[in-house]
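Enquirer: 3D model of this:
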Amino acid sequence: SDDVKQQLYADLSETEKYMVTLMDVPEAGAKLDAMLFRSIFTNRFEDVTQAVRTLNSACDELRSSEKLRKLLAMILTVVNQINTGGEGKRAMGFTLDALLKLNEAKAFDKKTSVLHYVVKLVKKNDDSLLSFESDICHVIPAENVLLDAL
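Expert: Predicted coordinates for the structure are as follows:
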C-alpha cells in the first residue's frame, strides 16, 4: 500500500504534489491566509498611507483656503439676506447640503438661481475668489478615497 502511494505520488505534477503535501499541514488555511496577508501587506500599507496623506492634504487645504473662506462667507451673507430680509436672526452657518440647493432656489426674479446671483456678486466684488479651486487641489483626488476601504 505504501509502495502504491509512493508510485502514485511520483506520477503527480509538482503542483499536485504541493497540494498533497499541503493536506498534511495542520491549519493550512490559516497559514495560507497569513502568507497572503504578508505578500500584500506592504503594497496595501503604502496605498492606505497615500490615501491618508491625500485626505490630510485636502483637509489642510480646506481649512487654510482664504478664498474658500471668503466665498462661503459671501454665500452665508446672501442666504441670510434672502431668509431674513436683512433683519432678524441670522444663521451662523449652513450645511454642505445647503450649497447644493443654491442652484435649485430661485432669486427674486424667479429666473436667476441663487447660485447665479452669488457668482455675479462675487465677480462684482472680488472675482479672484472664483479661482478658489487652485487652493484646494487635493480635494478632488480625496473624493476618490473610499473611507470604508481604509
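
Enquirer: residues near residue 33, how many?
Expert: 11 (other Cβ atoms under 10 Å). The way it works is simple: take the backbone N, C-alpha and C, and place the C-beta from them, glycine included.

Enquirer: how close does it get to residue 79?
Expert: 54 Å (Cβ to Cβ, to the nearest Å).

Enquirer: what do you get for residue 123?
Expert: Taking Cβ to Cβ, one finds residue 123 at 18 Å from residue 79.

Enquirer: the two: who's more crowded?
Expert: Set side by side, residue 123 and residue 79 show more neighbours around residue 79, with 20 against 11, by other Cβ under 10 Å.

Enquirer: average pLDDT for the helix or strand containing the more buried one?
Expert: Using DSSP states H and E, residue 79 sits within helix 66-84. Regarding helix 66-84, the rounded mean pLDDT is 87.

Enquirer: tell me the pLDDT at residue 148?
Expert: 79.

Enquirer: let me redo that: residue 88
Expert: pLDDT, residue 88: 62.

Enquirer: next, residue 43: phi, psi?
Expert: With angles defined as degrees, to the nearest 10, residue 43 sits at phi -60, psi -40.

Enquirer: same thing with residue 136?
Expert: phi -130, psi 50.

Enquirer: was I right to think it contacts residue 61?
Expert: Yes. Assessed by Cβ atoms under 8 Å, residue 136 is found in contact with residue 61 at 4.4 Å.
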